[in-house]
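1. missing the sequence, but the structure's below:
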């Protein structure tokens, strides 16, 4: 979704780049808003967040989620 908004990840797979080029249409504001709400919940109160917080890589995970949020915003 971020790639469709013109903010792709640096390591976006070729298949996704091809899809974005084919679709060439940004997601709706409603869809982006829903995605941002979901990411916030995943980052702050989810089992996934709890599991990552138990690892040594928790900082990297939080940074990756926050980076995605910034590319969607």
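-> Alright, I've got the coordinates. Only a predicted model underlies this, so the values are computations on that prediction, with no experimental measurement involved. Numbering: from 1, shown residues only.

2. contacts, neighbours, all on C-alpha from now
-> Noted.

3. spit out the contact partners of residue 25.
-> By C-alpha atoms under 8 Å, 6 or more residues apart in numbering, the contact set of residue 25 is residue 4.

4. and it, what pLDDT?
-> With respect to pLDDT, residue 25 scores 91.

5. next up, phi/psi of it, please.
-> phi -150, psi 130 (degrees, to the nearest 10).

6. cool, and residue 11?
-> Main-chain dihedrals, residue 11, degrees, to the nearest 10: phi -110, psi 40.

7. residue 52: neighbour count?
-> The number of residues packed near residue 52 is 17, by other C-alpha atoms under 10 Å.

8. quickly find the element holding it.
-> helix 47-53 (DSSP states H and E).

9. show residues contacting the helix or strand following that helix.
-> Scanning forward in sequence from helix 47-53 by DSSP H and E, the next helix or strand is helix 58-72. For helix 58-72, the external contacting residues (C-alpha under 8 Å, 6+ apart) are 1-2, 5, 7-8, 32, 36, 39, 43, 52.

10. repeat that for 10 Å
-> Identification of contacts with helix 58-72 by C-alpha atoms under 10 Å, 6 or more residues apart in numbering yields 1-9, 32-33, 35-37, 39-40, 42-44, 49-53, 55, 73.

11. which of these are buried, as a ChimeraX select command?
-> In ChimeraX, this line selects whichever of the contacts of helix 58-72 come out buried by 16 or more other C-alpha atoms under 10 Å:
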select :1,2,3,4,5,8,32,35,36,39,43,49,52
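
12. nothing else from me, thank you.
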